[in-house]
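Colleague: Need a 3D model of the following:
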Amino acid sequence: MISEDEVGEWLRQGKYQRVFEAAVAEFRQKVFRLAFSMLHEEAAAADATQDTFLRIWRSLPAFENRCALSTWVYSIARNTCLNHAGQKTARKEELFTDRATAGSTASDDRRLVEQLLAALPAGYRHVLTLYYLEEHSYDEVAAILDMPVGTVKTHLHRAKRQLGEVYGGLRRL
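Modeller: This is a model prediction of the structure:
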């Protein structure tokens, strides 16, 4: 894990390649998980992840280190995913469509979590993913999603309540 001091020093020295390589090593999997949670398709998440890091590379000289590198990376990833989602043709998805790809070895538990998350509105899903799966603080989630901390807490509360209702409905089936 790279420190913010290291990032700042490398940026002052113009060592953008070093910052980029460290960012890819540290955030590649996390950005992919965020992209998958937003786009629900492995191929789309892979494309969005690649586009995210391309944008990061192009934007590094302008990064002024005013916020944490992780916040900046997640903001770019979120915006990239929103752009990808906007480019897709609008289509309705079944509430509990199996999202596992052919030949996937994903466990039943993982599919259940994906199905439960898919049942939530996008805003709730993003907050849950960032807070619980990516383990960001309230403040970091608020910065990444550009919303007040109180709204993050409210979304988390409502999302957990809604997950409980959806899960309860599944158990009765």
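Colleague: Hmm, A77 and L34 touching each other?
Modeller: Yes. At 5.4 Å, L34 and A77 qualify as touching, with contact defined as C-beta atoms under 8 Å. In short, each C-beta sits where N, CA and C put it, glycine included.
Colleague: The most centrally placed residue in the chain sits in which helix or strand?
Modeller: Nearest residue to the geometric centre of the chain (C-alpha atoms, centre = their mean): L34, 2.2 Å. In this assignment (DSSP states H and E), L34 forms part of helix 16-39.
Colleague: Now for the residue nearest to the centre of the chain: which residues touch it?
Modeller: Y74, A77, R78, C81, T129, L130, E134 (C-beta atoms under 8 Å, 6 or more residues apart in numbering).
Colleague: so what pLDDT did K92 get?
Modeller: K92 is assigned 32 on the pLDDT scale.
Colleague: Same question for T80.
Modeller: Value listed for T80 in the pLDDT field: 91.
Colleague: Likewise for W72?
Modeller: Here the pLDDT value assigned to W72 is 91.
Colleague: Do I have it right that it meets L60?
Modeller: No. Contact between W72 and L60 fails when scored by C-beta under 8 Å: they sit 9.7 Å apart.
Colleague: for the worst-scoring helix or strand of the chain on mean pLDDT, packing partners?
Modeller: Lowest on mean pLDDT, DSSP states H and E among the helices and strands of the chain sits helix 108-118, with a mean of 73. Where contact means 3 or more C-beta pairs under 8 Å, 6 or more residues apart in numbering; DSSP states H and E, helix 108-118 is packed against helix 122-128, helix 149-172.
Colleague: weakest of those helices in terms of mean pLDDT?
Modeller: helix 149-172 (a mean of 80).
Colleague: That helix versus helix 108-118: what angle between them?
Modeller: 130 degrees (axes from the mean of the first three to the mean of the last three C-alpha atoms, to 10 degrees).
Colleague: Now do helix 149-172: everything it contacts.
Modeller: By C-beta under 8 Å, 6+ apart, the surrounding residues in contact with helix 149-172 are 96, 112, 116, 119-120, 123-125, 127-128, 131, 138-139, 141-142, 145.
Colleague: which of the residues you listed has the most neighbours?
Modeller: Highest neighbour count within those, by other C-beta atoms under 10 Å: V127, with 27 neighbours.
Colleague: dump the residue contacts of the closest residue to D51 other than its chain neighbours.
Modeller: Spatial nearest neighbour of D51, chain neighbours left out: T80 (5.1 Å); criterion: C-beta to C-beta, 6 or more residues apart in numbering. Shown in contact with T80 (C-beta under 8 Å, 6+ apart): A35, A48, D51, T52, R55.
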